[in-house]
Structure formats: structure tokens, C-alpha cells
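**Q** Got a sequence here, can you build the structure:
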Amino acid sequence: MIKIKVSEQDKLFAKQQIEAFQKIDAGSWRYANVEAWRGIVCELLASQWFEQHFKIDKPAKGLDNSGIVDDCDMIINAKKIEIKSATKNFFRYLMPKIHDVRNHPKDIYIGVKYNETVEPNEIQILGHIKRAQILEFPIKKNKGAPYYEVPLSQLAPIDQHTFD
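**A** Next up is the predicted model:
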């Protein structure tokens, strides 16, 4: 597991991205009573770590408030990468939406967790999983769209061969 400290500037930047995103149609319904900014922090800090340790074909850009849906979060070694976040320390699952996994496939999903129980807060890059593996997990539905319930314990460690 890779741990990265979260700064107050990281939090502020992420909250500003959410605020801008909420002003467009795609973001007008998504974030009521949810600390979605933590997912932005996870994506940005994790992507910075990957940029320092791997050759990146396309870097992450965070939330896009242009209304254009991006194809993936990053591209590493020609592989489409999606960064999925568990936004509270006690969360035990990644929950990629079925529609996204089936209709907008990525090659590799990276699991990151936000730990708000330590000061300063930190993110933890937990591991990765391939799309074909995600399709084997149970489908659940709570409040929003149906999703695959992927236990964080099922993520494989990140190593030099992750993106081969």
C-alpha cells in the first residue's frame, strides 16, 4: 500500500473542482450530502504518484466542467486507467457503475482510499484490478445506479508489471 499525505491546498482545489462541476448539467444532481471532493483528492494525488513512477501517455486532469465525458482518467503504457475511490476510511468496496464498466471499458482500475482518521489526512493507493475480473463480482444497487461490489481486499498490488 502506498500512503500519500493530503494538504489543505489539495482539499481546497478538489472542493473548487466540485463547485465548478455542480454548475453544469452533468454535475447538478450528483453530490448532495456526499464528500465527493475526497474522490478528486484521491484521483489527483494518486495520478501524481503514477506520473513519478511510470511513463504516462495521458495524465489525469481531474473533473472536467466542459460537459465532455472523458474516456479514462489516465493512460499508462497504452492501457486505459480508471481511478476509483473509497472516500471514507471504513469503506470496504470499490463500486464502479455497471454502465461505465460495460459501455466505457477501461483496462485497469486503480483502488484508492481516503483516510480521514489521521492528521494530516492521507490517501492510500491500495492496488489494481482488471476489467474482466470486475465483471465477476456481484451487482448491487443502493441509492443510485447499479454497480459492481468489488472488495478492496481483492485488489492486486501495484508493481513494475501492473501496466504490461
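**Q** Where do the strands of the chain begin and end?
**A** For the chain, the strands defined by DSSP state E occupy 2-5, 56-58, 74-76, 79-86, 93-94, 108-115, 122-130, 139-140, 147-148, 150-151.
**Q** so which of the ones you listed gets nearest Pro157?
**A** Within these, the stretch nearest Pro157 is strand 122-130; the backing value is 5.3 Å (Cβ to Cβ). No exception for glycine: its C-beta is placed from N, CA and C like everyone else's.
**Q** Going by neighbour count, which residues in that closest one are buried?
**A** 122-129 (16 or more other Cβ atoms under 10 Å).
**Q** could you dump those residues to a markdown table with pLDDT and distance to Lys141?
**A** Output for these, formatted as a markdown table (pLDDT from 0 to 100; distance: Cβ to Cβ, whole Å):
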| residue | pLDDT | distance to Lys141 |
| --- | --- | --- |
| Glu122 | 98 | 31 |
| Ile123 | 98 | 27 |
| Gln124 | 98 | 27 |
| Ile125 | 98 | 28 |
| Leu126 | 98 | 24 |
| Gly127 | 98 | 25 |
| His128 | 98 | 25 |
| Ile129 | 98 | 20 |
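**Q** if we can go back for a sec, out of the strands of the chain, nearest to Glu43?
**A** Here strand 79-86 is closest among those (Cβ to Cβ), at 4.6 Å.
**Q** packing partners for that closest one?
**A** helix 37-53, strand 74-76, strand 93-94, strand 108-115 (3 or more Cβ pairs under 8 Å, 6 or more residues apart in numbering; DSSP states H and E).
**Q** ok, back up a step: so which of the strands of the chain comes closest to His161?
**A** From the strands of the chain, taking Cβ to Cβ, the stretch that ends up closest is strand 122-130, at 10.8 Å.
**Q** Run the chain-centre distance for that closest one.
**A** Between the centre of strand 122-130 and the centre of its chain there are 9 Å (Cα atoms, centre = their mean, to the nearest Å).
**Q** Worst mean pLDDT across the helices and strands of the chain, which element?
**A** helix 8-21 (a mean of 86; mean pLDDT, DSSP states H and E).
**Q** Asp71 is in contact with His104, isn't it?
**A** Yes - using Cβ atoms under 8 Å, Asp71 is in contact with His104, at 7.3 Å.
**Q** Okay then, goodbye and thanks.
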